[in-house]
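Q: any chance you could fold what I've pasted below:
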Amino acid sequence: MKKEITFTIKSIRFDEDYNPSENTRITTNFANLARGEKRQENLRNTLVMINNRFNSLAHWDNPTSDRYAVELDIITAQLNISSEGKSDAFPVIEILKTNIVDKKTNERFEGILGNNFSSYVRDYDFSVVLPEHNKDKAGFSLPENFGVLHGDIFKRFITSDTYKQYFNKTPVICLSVSSKNTYYRTGNQHPVLGIEYQQDEPSLTDEYFAKMGLRARYFMPENSVAPLAFYFSGDLLSDYTNLELISTISTMETFQKIYRPEIYNANSPAGKQYQPSLNFQDYSLTRIVYDREERSQLAVEQGKFTEEQFIKPYQTVLKQWSAEPVL
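A: This next block holds a predicted model:
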């Protein structure tokens, strides 16, 4: 009997009372903040930073810089595999949905889906498959079909009826730039996204996200100190409103200041030619507690968990499903 594969979407509010669910990757930006003794203080301070940054960018008709507030929902996409009356579900994608509150007009409207991107399968690819492939080798190379299954899962999710039922625009994923590449200013400047940069060569993340059907552009918004990488499938500059773009910038720049302060909370901005470095010492720390070393260790554990609970049991059916054309 043929197995049926579908998606289910779940949503939970990310606020100062947020507690990660059992299915959430604990290496994820928002989940990592919600742990430890200072979890509520971490969450509260993060949300304040996001709102302050939003209002600094949405400065028109906003004289007191407090007109807007950002609300965040964590969207989880579960992959359901059903056969002979039995059904198993695995959380394959977790992303953030921004919502914008205009306190002046009492309006509330949708922002952008995407922002942060979390995936157990990506942990498996980068923390299990890639190290195993390059073990005892002189040079670095990518395994055959590296990232293909992950990319197919993402593409099938955003073209699914389930996705279209909830969302009317494609996601924009916003990540840190690569510390292995050099970035150069172009003559292009967007009123919200800021100064555009181009890189000298594609990063490993660029190649991995390309398998998801996404391409990247790099912009440094006003009063930022480093460019952000924006991954998208349509037209980044015309498919989204200014406030939608600001919701992504304010959310993801805040996370990057916490997690990569050497790059995004540096005390001097990127120049015309810029190479990010996590060894840079002239930076400031936020008041938000974060353990980067623990996060790296957990990624390996979660990659192995994915292998045992998802990849091995469903390898055959996933390969067949991945080979089918995307409708």
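Q: which stretches of the stretch 1-150 of the chain have low pLDDT?
A: Across the stretch 1-150 of the chain, the ranges flagged by pLDDT under 70 are 1-2, 20-37, 83-86.
Q: tell me where it has helices.
A: Assigned by DSSP state H, counting those that start in this stretch, the stretch 1-150 of the chain shows helices spanning 29-33, 39-57, 120-124, 130-134, 148-158.
Q: how about the ones you listed, which one is nearest Tyr240?
A: Nearest of these to Tyr240, taken as C-beta to C-beta: helix 39-57 at 13.8 Å. Glycine gets a C-beta too; all of them are placed from N, C-alpha and C.
Q: touching, Thr251 and Ile50? I think so.
A: Yes - Thr251 lies in contact with Ile50 (C-beta atoms under 8 Å); the separation is 5.4 Å.
Q: in TSV: the helices of the stretch 1-150 of the chain, plus mean neighbour count and distance to Gln189.
A: As requested, those are exported to TSV (neighbours: other C-beta atoms under 10 Å; distance: least, C-beta to C-beta, whole Å):
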stretch	mean neighbour count	distance to Gln189
helix 29-33	22	28
helix 39-57	19	14
helix 120-124	24	32
helix 130-134	13	37
helix 148-158	20	30
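Q: could the ones you listed go into JSON lines alongside distance to Lys180?
A: Listed next are the helices of the stretch 1-150 of the chain as JSON lines, based on distance: least, C-beta to C-beta, whole Å:
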{"stretch": "helix 29-33", "distance to Lys180": "21"}
{"stretch": "helix 39-57", "distance to Lys180": "27"}
{"stretch": "helix 120-124", "distance to Lys180": "18"}
{"stretch": "helix 130-134", "distance to Lys180": "15"}
{"stretch": "helix 148-158", "distance to Lys180": "21"}
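Q: out of those helices, which gets nearest to Pro171?
A: Per C-beta to C-beta, nearest to Pro171 of the helices of the stretch 1-150 of the chain: helix 148-158, 6.7 Å.
Q: residues in contact with that closest one?
A: With contacts defined as C-beta atoms under 8 Å, 6 or more residues apart in numbering, helix 148-158 is touched by 7, 77, 79, 92-93, 119, 121-122, 125, 163, 170-171, 208, 210-213, 233, 318-319, 321-322, 326.
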